[in-house]
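*Asks:* Quick one: sequence and predicted model below, then my questions.
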Amino acid sequence: MENAGKLIEEEELREQIKGAGIGTSATRAEIIKKLEKINYIEINPKTQIITPTKKGELIFDVVKSSMPDMLNPKLTASWEKGLEMVAKKEIKADEFMQKLENYIKSKFSKLVIS
């Protein structure tokens, strides 16, 4: 997701991940390996084309219908901004973690209720 910033309309958040994209190349490679290992994707060994498995498509559909913002690079950019603010001591790490926990809990509670 090197070009994920192009999908973000807000200038401040777009700048947050400009150039770096989302995650490092090594992180993305590990994520791809993990997705293949848990059978969410298949990788054609000859062409290196990645396709979702049925299981992967079902997971995507659940996330898209119940918490679509999790698929938006804007969310990652806002988390990156929060991490930068912690690094600059503009907010406390505990405060940032509490915001993340509250966000995730709200998403999962909606998912369980749905």
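*Replies:* Yep, it's here.
*Asks:* so the residue of the chain most remote from its centre, which of the three states?
*Replies:* When distances to the mean C-alpha position of the chain are computed (Cα atoms, centre = their mean), the maximum falls on Lys46, with 28.0 Å. For Lys46, the assignment made with DSSP: H, G, I helix; E, B strand; the rest coil gives coil.
*Asks:* what does the one 5 residues further on give?
*Replies:* Reducing the assignment at Thr51 to three states with three-state DSSP gives strand.
*Asks:* Identify the nearest residue to it in space, disregarding sequence-adjacent positions?
*Replies:* Counting by Cβ to Cβ, 6 or more residues apart in numbering, Thr51 lies nearest to Glu42, which is 5.4 Å off, once chain neighbours are set aside. No exception for glycine: its C-beta is placed from N, CA and C like everyone else's.
*Asks:* give me every residue that touches that neighbour.
*Replies:* 36, 50-53 (Cβ atoms under 8 Å, 6 or more residues apart in numbering).
*Asks:* quick one: secondary structure of it?
*Replies:* Look at Glu42: counting by three-state DSSP, its state is strand.
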